[in-house]
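Enquirer: A predicted structure for the sequence below; I have some questions about it.
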Amino acid sequence: MALVLAYIFRVYCHPSRVSATTRHWGSLVAGLGISYFCFGRQVLLALLLVVGCYVLMLLLPITLIHHMSLAASLTFLSTMHIQRQIYEDGAFVIDVTGPMMIIVQKATALAYSLHDGLSGLKDEQLTPLQRELVLRKKPSALEYFSYMLNFHSVLAGPFFMFADYQDFIEGTHYAKRALDTTAATTSLDSNRNKSPTDLKTMDAQKTASRPEDEPDPTRVSLYKAGLSLICAVVTVCILPNFPISFLTQPGYFKSSYLYKGMYIVAVTSFTRHVYYTAWLVGDGICNMSGMGFNGYNKDGSAKWDLVSNVDVVGVETGLSLRDTLEAWNSGTMKWLRFMVYERAGAQKTLFTYMLSSMWHGFYPGYYITFVSGAFFTIAARYVRRSVRPRVMSHGPVVKLAYDAVTCITTRLCLAFFTFPFILLRFWSSIAVYRDIYFIPAVLGVLVIVLLPIVLPPPSRSSSSAKSSAEKLKPSVKLEDAGVNVTNGLEGGATKLLKVQ
C-alpha cells in the first residue's frame, strides 16, 4: 500500500503541481493513517514523543536544546523498552517502539543541527557533514510533524536528516544532487537557511522542475521490493530451521566445534534477512516517492542511495568490520556519526557504541554485542594498520588472497559477536562463549597487544620523510645549476602535509 501511495505522491503531488505545504500535509496524513492501521492506539505514544520534542525545541535555549532533546527522548524510549522487556520478555512482537526509535533519531538530529546553526559556531568549527546539515532557523509545526511522521519512513525507516527531507519536499533535491552541490561552500547555501524575504525572491525567480526531466525511480524501487520479497521467503521458509534457542540446549553443546561454528554463522546470517525484508521495503518506498536521488554514476545511470537502510551486498561481502557495519543500517550509522563520532573528543568508538546500545534497549545481549563489536573493530584496525601495507606491496595476487581471508574472518567475527543480540540472554551467551574457551576474545587481545610488536605498523613520519625526499630530489639538482629551490621545498612540504 505504501508503495502505491509513494507512486501517487511522486506523480500527482509533484512540486511542479502542488505547493510544499500540500506535500507536507499529504506525507503527514498518510503517515498517521498507516501508523494507526499497524499499531492502533499505540500510535498515541509516538505522537506524545513527537509533541514533547517539539515543545522542547520551542522552549529550551539553544545552548541546551541538543543535549536535553537527546536526554528526554532517550528517557522516553528507554521507558518503552523496559516496559516491553518486562511484559513481553524475549517475545518477537511488532509494536510502536520501532517507529519511536526512528522518531528519536530524527528529533535528536534536528536538535543538534539547530544547535550547530544557532549557537554561534562558525563554519570552520563544523565538520563537512555538520556544515551540510546545519539549520539556521527552526522548522514550523507542519514541517516538524511531517518530518517526524511521514509515511515514507514512519514504520521501518530509513532515517534521513531534516535537511534532506526539506529539499525533497521543496523539490530542490534533484537539481542539487545532479549538479553535485550537496556540500555547501558555507552553511547558508541552502533554501532552508534563507530568510523569508530571500525565499520569496527566489520563489519568484524559480521554475519548478518537470517530472519528465527527472530520473525515473520505478525500476530501482521495484528491484528493492523484489529483493525484500526474496528475503521474506528466506525468513519464513529457512530461518525457522535454525532457531536461536538451540544455542541454549544440550544438543548444541554436544555437537562438534565445526558444527557449532557453522550453526552460529547460519543463524546470524539468516536472521539478518528479517531486517533486510523491512529495510528494503522502506528504501523502495522512499525511492518510489522520488526521495533518495544522489546524482549520477560515471556511466550516466542515476544513483538512489542518498537515504538507505542497508547495502545488502556490502554487508555480506565486506572486507572489514568497518565496511560491513557502515553498510548495515547505514542510516543509523550516519546518525551515530553525526551525533557522537564527530563530536566526541576521545574514545569515539566506545561512546558511539554506548549510544547505539541505549537506543536499542536494555536486553543484556545487546550490550554484549555492542561492547564486543567495539572491541573487534579496534582489533581489526590493528590488523589493517600492521598487515595491509605489507600485503599491498606484494602485488595483486597476494592482495586478492588477503581480501579473501579478511572477508571470511569478518563473517566469523560478525557471527560471534552478533548472536547475543538475537539470543538476548546474558548467561546463555556467556555459556556459548565459555564453551569455545572465549577464543575469539583471546585472539582479539593478542592482536591488540602483540601484533604491533611483532609487525609494527609502518611509521607515518618515515613514509612522509621518504616521500618528501623524493619530491625534493629534482630541486637539489636545480640548485647546483644556480636555480632557486623554493618551489621544490614547497612541493615537498605540501606532500608531507598530505601524507600526515
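Expert: That came through fine.
Enquirer: OK, contacts around the residue nearest to Tyr7 when sequence neighbours are not counted?
Expert: Nearest residue to Tyr7, sequence neighbours excluded (Cβ to Cβ, 6 or more residues apart in numbering): Met288, at 5.4 Å. In short, each C-beta sits where N, CA and C put it, glycine included. Contact partners of Met288, counting by Cβ atoms under 8 Å, 6 or more residues apart in numbering, are 3, 6-7, 10, 217-218, 221.
Enquirer: Buried ones among those residues?
Expert: 3, 6-7, 10, 217, 221 (16 or more other Cβ atoms under 10 Å).
Enquirer: Nearest to Ser35, out of the residues you listed: which one, please.
Expert: Ala6 (15.7 Å; Cβ to Cβ).
Enquirer: That closest one and Leu56, how far apart?
Expert: 31 Å (Cβ to Cβ, to the nearest Å).
Enquirer: ditto for Lys260
Expert: 49 Å.
Enquirer: ditto for Leu319
Expert: Distance from Leu319 to Leu56, counting by Cβ to Cβ: 42 Å.
Enquirer: Check Asp323 too.
Expert: Taking Cβ to Cβ, one finds Asp323 at 36 Å from Leu56.
Enquirer: With Val29 instead?
Expert: Separation of Val29 from Leu56 (Cβ to Cβ): 25 Å.
Enquirer: now do Arg17
Expert: Separation of Arg17 from Leu56 (Cβ to Cβ): 35 Å.
Enquirer: who has more neighbours, the two?
Expert: When neighbours are counted by other Cβ atoms under 10 Å, Arg17 and Leu56 differ, and Leu56 comes out ahead with 18 against 12.
Enquirer: pull the CA atoms of the strand or helix carrying the more buried one into CSV?
Expert: Element membership for Leu56 (DSSP states H and E) is helix 43-59. Taking Å, rounded to 0.1, in the frame of the first residue of the first chain, the C-alpha atoms of helix 43-59 are listed here in CSV:
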residue,chain,number,x,y,z
VAL,A,43,0.4,5.5,17.9
LEU,A,44,-0.6,8.0,20.6
LEU,A,45,2.6,7.2,22.4
ALA,A,46,4.6,8.1,19.3
LEU,A,47,2.6,11.3,19.0
LEU,A,48,3.3,12.1,22.6
LEU,A,49,7.1,11.7,22.0
VAL,A,50,6.9,14.0,18.9
VAL,A,51,4.9,16.7,20.7
GLY,A,52,7.3,16.6,23.7
CYS,A,53,10.3,17.0,21.5
TYR,A,54,8.6,19.8,19.6
VAL,A,55,7.8,21.7,22.9
LEU,A,56,11.5,21.3,24.0
MET,A,57,12.6,22.7,20.7
LEU,A,58,10.4,25.8,21.2
LEU,A,59,11.1,26.4,24.9
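Enquirer: So for that helix, what gets flagged as buried?
Expert: For helix 43-59, burial by neighbour count (16+ other Cβ under 10 Å) applies to 43, 45-47, 49-50, 53-54, 56-57.
Enquirer: ok and the very next helix or strand once past it relative to helix 43-59, angle-wise?
Expert: Note on helix 43-59: by DSSP H and E, the next helix or strand toward the C-terminus is helix 65-87. Orientation check (axes from the mean of the first three to the mean of the last three Cα atoms, to 10 degrees): helix 65-87 against helix 43-59 gives 160 degrees.
Enquirer: Quick one: mean pLDDT for helix 65-87?
Expert: Averaged across helix 65-87, pLDDT comes to 93.
Enquirer: what comes into contact with that helix?
Expert: 45, 48-49, 52-53, 56-57, 60, 93, 95-97, 100-101, 103-104, 107-108, 111-112, 114-115, 339, 358-363.
Enquirer: one more time with 7 Å, if that's ok
Expert: Residues from elsewhere that reach helix 65-87 (Cβ atoms under 7 Å, 6 or more residues apart in numbering): 45, 49, 52-53, 56-57, 60, 95, 97, 100-101, 104, 107-108, 111-112, 114-115, 358, 361-363.
Enquirer: now for the helix or strand in which Ala441 is found, which elements pack on it?
Expert: According to DSSP H and E, Ala441 maps onto helix 439-454. Secondary-structure packing of helix 439-454 (3 or more Cβ pairs under 7 Å, 6 or more residues apart in numbering; DSSP states H and E): helix 364-392.
Enquirer: Could you name the helices and strands sitting against the helix it packs on?
Expert: helix 321-327, helix 348-360, helix 396-423, helix 426-435, helix 439-454.
Enquirer: Which among those is found nearest to Val154?
Expert: Distance to Val154, taken as Cβ to Cβ, is lowest for helix 348-360 among the helices and strands packed on helix 364-392, at 17.3 Å.
Enquirer: could you give me the average pLDDT of that closest one?
Expert: Mean predicted confidence for helix 348-360 is 88.
Enquirer: For it, buried residues please.
Expert: Neighbour-count burial for helix 348-360 flags 349, 351-360 (criterion: 16+ other Cβ under 10 Å).
Enquirer: what inclination does it have with respect to helix 364-392?
Expert: Going by the same axes, to 10 degrees, helix 348-360 makes 150 degrees with helix 364-392.
Enquirer: What angle do helix 396-423 and helix 348-360 make with each other?
Expert: Going by the same axes, to 10 degrees, helix 348-360 is angled at 40 degrees with respect to helix 396-423.
Enquirer: Please compute how far helix 348-360 lies from its chain's middle.
Expert: Helix 348-360 sits 13 Å away from the centroid of its parent chain (Cα atoms, centre = their mean, to the nearest Å).
Enquirer: Could you list every helix and strand in contact with it?
Expert: Under the contact definition 3+ Cβ pairs under 7 Å, 6+ apart, helix 348-360 sits against helix 330-336, helix 364-392.
Enquirer: Take those helices and write them to a markdown table, including mean pLDDT and distance to Pro456.
Expert: Supplementary listing: the helices and strands packed on helix 348-360 in a markdown table, determined by pLDDT from 0 to 100; distance: least, Cβ to Cβ, whole Å:
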| stretch | mean pLDDT | distance to Pro456 |
| --- | --- | --- |
| helix 330-336 | 91 | 31 |
| helix 364-392 | 91 | 7 |
